[in-house]
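K.L.:
Sequence first, then the predicted structure:
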Amino acid sequence: MKIYRDGWLKTSKEHRIYYMLLGNPKGIPVLSFHAGPGDCSWAGFYDFLDETKYNIITFDQRGCGKSEPFGCIEDNTIEKILDDAKALLDFIGVQKKCILFGGSWGSTLALEFGAKFPDATKSLVLSNVLLGRHHDLKKLMCDLKKFKALSDYDVDENNIFLKIKQAIQNNDVEFISKYNDYEIYKYTFHKSDGLKTNLIDKAFLQKRLYCHFLSNNLFLPNSGVVNELPKLLAKPVFLVHNKYDPICNVEQAHLLKKYLPQTELVLLNKRGHGGDFQIDTLKKFFKKA
């Protein structure tokens, strides 16, 4: 999709975020949150949307992509990212309520933003929801004992978060690299146990940023976003979720539907964390949102 404007917005003494505006400046505003933490936004991601109908507003979160300083974990929390998003809307002069769009970590941000800024929120379109409960993050760690590369570190789902925090403090590239391999092992359904990644330079800073959020429970309470969900009862919510997502377990989709019964939920009989096969469903959701 064509970028009609981009640039940087200084949002704190330390940080300035890179933003992109795509599609039609007079179209329906869509505030998009990229996945991660530590990932970035890219224009091609929105090619499935009608660029004459929507005004896509997206940005690289603190420390991500083209935002500066890259990989910075100081003054970098979920609350700061939400405030950056609202500051961006104010900066570009968005007057209408937005469709909030995000998948995985982006869905966490969308839910939290909608609860914090209901007057800026029209509806939510989500993919592979991550509720951010400590329970969900521990489930991600359930195969640590099976992963050979971490066998010398005596890690399990209870101590891994402390081990990651210590690795960040000690700048332990080896441990964070091995933990990165573990997540790839999970993502590929246990097919990549022999990986030996050596994260260097920007790749290490990107994973360190991810681990900064992970080891702090995404800077959410143990209940994740659950306690904020009642604030969204008046908002249309649309969710597509893969039944066999190894990162965001499907239990979270059912729980979102329980707390927000107005949610239109489509479960796909698919493996993986996202995927192009979700596009047709997302197109339908945007027409309703």
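P.N.:
Okay, I see it.
K.L.:
Which strands or helices does the helix or strand of the chain with the lowest mean pLDDT pack on?
P.N.:
For the chain, the helix or strand with the lowest mean confidence is helix 173-187, at a mean of 92 (criterion: mean pLDDT, DSSP states H and E). Here helix 173-187 touches helix 160-169, helix 201-214, going by 3 or more Cβ pairs under 8 Å, 6 or more residues apart in numbering; DSSP states H and E. From N, CA and C alone the C-beta is placed, and that goes for glycine too.
K.L.:
how deep is residue 143 tucked in, by neighbour count?
P.N.:
Using other Cβ atoms under 10 Å, residue 143 has 14 other residues around it.
K.L.:
if I look at it, how far off is residue 217?
P.N.:
Computed with Cβ to Cβ, to the nearest Å, the distance linking residue 143 and residue 217 is 20 Å.
K.L.:
how's this protein carved up into domains?
P.N.:
3-133+223-288, 135-218 (automatic domain parsing).
K.L.:
This structure: strands as residue ranges?
P.N.:
Ranges of strands within the chain are 3-10, 16-23, 28-33, 54-59, 98-104, 121-129, 237-244, 264-271, based on DSSP state E.
K.L.:
And these: which comes nearest residue 258?
P.N.:
strand 264-271 (10.4 Å; Cβ to Cβ).
K.L.:
Tell me which strands the closest one pairs with, and in which orientation.
P.N.:
Strand 264-271 sits in its sheet next to strand 237-244 (parallel), going by DSSP bridges.
K.L.:
Tell me the buried residues in the partner strand?
P.N.:
Neighbour counts using 16 or more other Cβ atoms under 10 Å place 237, 238, 239, 240, 241, 242 of strand 237-244 among the buried residues.
K.L.:
these two touch, right, the first one and residue 259?
P.N.:
No - using Cβ atoms under 8 Å, residue 237 makes no contact with residue 259, being 10.0 Å away.
K.L.:
what's near enough to touch residue 143?
P.N.:
Residues near residue 143 by Cβ atoms under 8 Å, 6 or more residues apart in numbering: 182, 185, 186, 190.
K.L.:
mind running it again at 7 Å?
P.N.:
By Cβ atoms under 7 Å, 6 or more residues apart in numbering, the contact set of residue 143 is residue 186.
K.L.:
pLDDT wise, what is the closest residue in space to residue 65 that isn't next to it in sequence at?
P.N.:
Sequence neighbours aside, residue 40 is the residue nearest to residue 65 in space, at 2.8 Å (criterion: Cβ to Cβ, 6 or more residues apart in numbering). Per-residue pLDDT puts residue 40 at 97.
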